[in-house]
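Visitor: this one's structure only:
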């Protein structure tokens, strides 16, 4: 599985307080190794100690801090030592530690999610988790072997300092509550066989498969959180699903191949104004998810069968998808 750097989170985790858990498989036992590197780094008293830290964690230095872009680790160590002496970065550090006070809950959710994924795909790897504060340098690095987390990206709305390169409507999803689902969607994506075709419907269904699988491995996470909608947005899309569907059908967007047009409905946007001022972004992904849900219910296909289906027309036709109340 290729490693990924995440700068736009598309899925999110929230505690299931008032909503019942969905039916799912019992997870296999998974225990994740967790290394909290932030204290070790910030306890460094000199550049030499930072360099020793980098030497002790070569994968973290390479993949998260891009140490291979420096002639020597000593140069990176000098920069990192200057960073941790900055009072503003110390504020980020303290706020990050506070935000991650309940990180064990996130780890537990990751372990259960990976355990369920292993039921469907026994070859699912068990990566090691490493956390750190790097002055808003990097948010996530995910591979089969590693889950590296820049804690300072996930402090939440009350953070004193926030990354400037991320739009506010996306940044609101950067909290510790969002981590497990964001990570697990990337981990599980390697088991999804993409549907054939360049049409928007193929991409919609691919996203739909991703959310469907995520909903199965995180059955106690509200579905609106998985796609990153607020409660109001989630209610609105179902209340207006006939209008949404009519727009896609009448404008023949399902078979659109123009990338720019497709991104209006699949990409990150505050709203899809082509449908309505209150229509949330990524509405094509939501619609693809509803189609996959309908297909699963109509055909009784297993999770692995759905993930391996490549014929988008078959999946769409056999789903018999109709908006609620149709």
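Guide: Good, I have the coordinates. All of these numbers come straight from a predicted model, not from anything done at the bench.

Visitor: So which residues of the stretch 51-200 of the chain form strands?
Guide: Ranges of strands in the stretch 51-200 of the chain, per DSSP state E, counting those that start in this stretch, are 128-132, 140-142, 146-150.

Visitor: Point out the most buried one among those strands.
Guide: A comparison of the strands of the stretch 51-200 of the chain by mean neighbour count, using mean count of other Cβ atoms under 10 Å, puts strand 146-150 on top with a mean of 24. C-betas here are computed from N, CA, C, even on glycine.

Visitor: Looking at that strand now, give me its mean pLDDT.
Guide: When pLDDT is averaged along strand 146-150, the result is 98.

Visitor: and for it, what are the contacting residues?
Guide: With contact meaning Cβ atoms under 8 Å, 6 or more residues apart in numbering, strand 146-150 is reached by 3, 59-60, 63-64, 110, 127-134, 136-142, 179, 183.

Visitor: Going by neighbour count, which residues in stretch 260-279 are buried?
Guide: For stretch 260-279, burial by neighbour count (16 or more other Cβ atoms under 10 Å) applies to 262, 264-267, 269, 272, 275, 279.

Visitor: shaky segments in the stretch 1-150 of the chain?
Guide: Low-confidence segments of the stretch 1-150 of the chain, defined by pLDDT under 70: 1-19.

Visitor: Only the buried residues of stretch 223-240, if you could.
Guide: 223-229, 233-234, 236-237, 240.

Visitor: Any idea how far apart the tips of that stretch sit?
Guide: 17 Å (Cα to Cα, to the nearest Å).

Visitor: next one: that stretch to chain centre, how far?
Guide: Mean-position distance between stretch 223-240 and its chain equals 17 Å (Cα atoms, centre = their mean, to the nearest Å).

Visitor: same deal with stretch 189-207?
Guide: 17 Å.

Visitor: What average pLDDT does it get?
Guide: Average pLDDT, stretch 189-207: 94.
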